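K.L.:
test case, fold it:
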Amino acid sequence: MPYRRGFRFTAQRVIPPPPFLGLYNNVPTGRFRDFLRENRFPGKAFLRTTNLVDYCSAAASNALPCEQSGEAAIFDVLQELAVGDGLGRGRGSQVVTCTRQGQKGPLIAKVYDPLYYPFADEDSPHIPNDVVARAEHDFAVESAAYSQLDEALGGSLIPKFHGSWLLDIPLKHLHRSVGFILLEYIQGVPLDQLDPKSHTLEERLRVLAMAMEAEVRLRFAGVMHEDIAPRNIICSEKNLRAKDLKVRIIDFNFVTILPLLGADAPCTSEELPESPMEWFWESRPVEMRQWVPEGWGTREWNQWLKETWAGSTKFKPVQRHLLYQEQ
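P.N.:
Now for the predicted structure:
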């Protein structure tokens with residue numbers, strides 16, 4: 001595991017190709033589609049005959065085609081934030097703080113190294129995962145999401161994006177190109193480290209409202225996050241009553257990027273985002289349910305939506321029938 005405190009590496013800034021798994025099967029075009037067909041997706045039969053190290057070594061000879069920017073930098077790892085070998089449930093990318101030589105202040109590096117993705121499927125351990133395709137897709141999709149959002153929301157609702165990079169790292173006398181993204185380092189506390197039951201009703205609803213507003217603002221800018229959950233929300237401080245409390249949204253590896261799928265970002269044609277009252281009418285955010293007051297049914301939920309956003313000028317006016325609808 002090289003991604004530890006004291007690790008120094010040189011990296012080249014790049015523009016990755018588009019994501020290519022799941023929803024994005026039809027996004028790749030031209031040479032990149034040819035590259036995928038010829039050099040990726042070897043199939044389960046092949047994966048059963050190899051091992052993680054040999055597969056990553058073999059893929060090194062056909063590196064992911066990225067557009068070079070001509071920019072290079074030297075980085076030093078300061079601290080491991082989420083680092084592991086992929087043997088446990090959910091480990092994939094490696095997350096560390098680092099410094100860039102010649103610049104002050106820490107940054108976040110999120111590294112997509114397939115060697116540390118879980119090779120065994122968590123539900124069917126006898127079926128190997130295509131870790132190379134998964135790691136490269138994660139690199140491409142998060143790069144695309146941050147690129148889409150950075151101008152409008154970088155440094156405010158999401159971390160500021162400092163680009164996509166490739167580092168060279170040895171394996172079995174070969175050198176592999178491994179992708180990572182560079183992000184602003186955010187001071188704060190992850191929401192999943194706070195217990196909803198230890199906070200007042202007012203505090204819980206405040207955080208809930210901020211998370212819901214974040215979701216509609218991201219969609220307005222062209223990205224549907226699909227996983228707004230406490231683990232992906234960073235609060236600026238533990239005091240949820242603080243006047244200047246802010247939230248930041250992280251982790252964009254399961255997102256829907258509307259322009260990549262042929263749909264325009266709503267912000268290109270509309271002045272204001274859709275109201276959270278419209279978006280969440282009779283539908284509480286699934287991953288935030290623990291922050292919803294106990295005992296609330298649809299009537300209480302919709303009434304709170306009205307009280308919070310019915311007259312808001314930050315969002316589009318809500319449909320009139322919702323304003324007068326009774327449960």
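
K.L.:
just the CA coordinates of stretch 101-109, formatted as CSV?
P.N.:
Extracted in CSV, the C-alpha atoms of stretch 101-109 (Å, rounded to 0.1, in the frame of the first residue of the first chain):
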residue,chain,number,x,y,z
GLN,A,101,5.1,21.2,-4.1
GLY,A,102,5.4,25.0,-4.4
GLN,A,103,1.9,25.7,-3.0
LYS,A,104,0.6,26.1,0.5
GLY,A,105,-2.1,24.2,2.2
PRO,A,106,-3.4,20.7,2.1
LEU,A,107,-5.5,19.2,-0.7
ILE,A,108,-7.5,15.9,-1.0
ALA,A,109,-6.3,13.3,-3.5
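
K.L.:
tell me the phi and psi of the residue lying closest to Glu136 once chain neighbours are set aside?
P.N.:
Distances taken as CB to CB, 6 or more residues apart in numbering place Leu64 nearest to Glu136, at 5.0 Å, with adjacent residues excluded. The C-beta positions use only the backbone N, C-alpha and C, and glycine is treated the same way. Main-chain dihedrals, Leu64, degrees, to the nearest 10: phi -60, psi 130.

K.L.:
quick check: Leu64 vs Ile249, distance?
P.N.:
Look at Leu64 and Ile249: by CB to CB, to the nearest Å, they are 26 Å apart.

K.L.:
ditto for Met288
P.N.:
Remark: distance between Met288 and Ile249 (CB to CB) = 12 Å.

K.L.:
give me the common contacts of the two.
P.N.:
Common contact partners of Met288 and Ile249 (CB atoms under 8 Å, 6 or more residues apart in numbering): Ile228.

K.L.:
so Thr308 makes contact with Ser275?
P.N.:
No - Thr308 is beyond contact range of Ser275, at 9.6 Å (criterion: CB atoms under 8 Å).

K.L.:
which of those two has more residues huddled nearby?
P.N.:
When Thr308 and Ser275 are compared for neighbours, Ser275 comes out ahead with 24 against 18, by other CB atoms under 10 Å.

K.L.:
look up how far Asp123 lies from the more buried one.
P.N.:
Ser275 is 39 Å from Asp123, by CB to CB.

K.L.:
show me where the stretch 201-327 of the chain has its helices.
P.N.:
201-220, 276-279, 298-309, 320-323 (DSSP state H, counting those that start in this stretch).

K.L.:
which stretch in those helices is the model least sure about?
P.N.:
Mean pLDDT across those is lowest at helix 320-323; the value there is a mean of 61.

K.L.:
tell me how many other residues crowd the residue lying closest to Lys246 once chain neighbours are set aside.
P.N.:
With CB to CB, 6+ apart as the criterion, Lys246 has its nearest non-adjacent residue at 4.4 Å, and that residue is Ser236. Counted with other CB under 10 Å, residues neighbouring Ser236 total 15.

K.L.:
so Ser236 makes contact with Val247?
P.N.:
Yes - if you go by CB under 8 Å, Ser236 and Val247 touch, sitting 7.4 Å apart.

K.L.:
against Val223, how distant is the spatially most central residue of the chain?
P.N.:
In the chain, the C-alpha nearest the mean C-alpha coordinate belongs to Phe252, at 1.7 Å (CA atoms, centre = their mean). Relative to Val223, Phe252 is positioned 7 Å away (CB to CB).

K.L.:
right, I'll call it a day here.
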